[in-house]
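1. My questions are about this predicted structure, shown below with the sequence.
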Amino acid sequence: MTSSNTPELDEFGGNIGQGQVRTIRAPWGPSTVPKVRKAVVADLRARELAEQTIDEAEIVASELMTNAIRHARPLADGCLRVRWKVRGEVVEVEVTDGGGESIPVPAPAEVWLSSGRGLRIVRSLAHEWGVTEDKGGQTVWAAMGGPSRRRAT
């Protein structure tokens with residue numbers, strides 16, 4: 001908070017640490033990933049969540065955004081939608097894109113694979129994760145800090 005008791009804003013104009021849910025319309029492209037990671041971390045730190053949960057949410061947000069940029073299309077407005085929800089100690093992060101050629105699944109483990117590990121990393125950090133599709137695209141989500149109220153699909 002600033003000295004005038006007005007909420008501090010992040011780079012996307014959102015109130016840091018305010019409300020249960022945050023949504024960012026992030027411009028499509030790799031340069032957006034570190035900016036969104038910074039916004040997620042600042043927001044979760046302001047909520048005084050466990051550092052491990054914050055670290056996991058940062059990595060998961062980064063991996064989900066990177067996968068969307070590499071393997072899917074942007075939404076109709078040229079953006080990705082990044083949303084995170086906090087309930088107690090549980091953080092649920094989701095990234096919505098315009099859909100891709102296939103439904104996201106973790107790549108098989110390969111010793112010398114230089115890429116393709118994103119969803120395996122997400123799966124290892126999240127209590128649960130899943131993919132939902134609709135006519136406008138697909139959403140990949142993951143819950144850290146405990147199980148979500150969703151059911152993994």
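-> The structure has been received and is ready for your questions.

2. Quickly list what the residue lying closest to residue 32 once chain neighbours are set aside is bridged to.
-> Sequence neighbours aside, residue 26 is the residue nearest to residue 32 in space, at 4.6 Å (criterion: CB to CB, 6 or more residues apart in numbering). Quick note: C-beta positions are derived from backbone N, CA and C, even for glycine. Note on residue 26: beta-bridge partners by DSSP bridges are residue 80.

3. from what I can see residue 26 touches residue 83, true?
-> No - judged on CB atoms under 8 Å, residue 26 makes no contact with residue 83 at a distance of 10.5 Å.

4. Pull out the buried residues from the longest helix that the chain contains.
-> Taking DSSP state H as the criterion, the chain has its longest helix at helix 51-71. By 16 or more other CB atoms under 10 Å, the buried positions in helix 51-71 come out as 53-54, 56-65, 67-69.

5. about what we covered before: so if I had to pick from residue 26 and residue 83, which one is more boxed in?
-> residue 26 (22 against 17; other CB atoms under 10 Å).

6. For the longest helix of the chain, what does the pLDDT average out to?
-> The pLDDT scores in helix 51-71 average 94.

7. Do you have the helices of this protein handy? List them.
-> 32-46, 51-71, 118-125.

8. what's the angle from the last one to helix 51-71?
-> Angle, helix 118-125 to helix 51-71, by axes from the mean of the first three to the mean of the last three CA atoms, to 10 degrees: 160 degrees.

9. which other helices and strands contact helix 118-125?
-> For helix 118-125, the packing partners by 3 or more CB pairs under 8 Å, 6 or more residues apart in numbering; DSSP states H and E come out as helix 51-71, strand 128-134, strand 137-144.

10. can you put those in TSV and add distance to residue 19?
-> TSV is the format used below for the helices and strands packed on helix 118-125 (distance: least, CB to CB, whole Å):
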stretch	distance to residue 19
helix 51-71	16
strand 128-134	22
strand 137-144	18
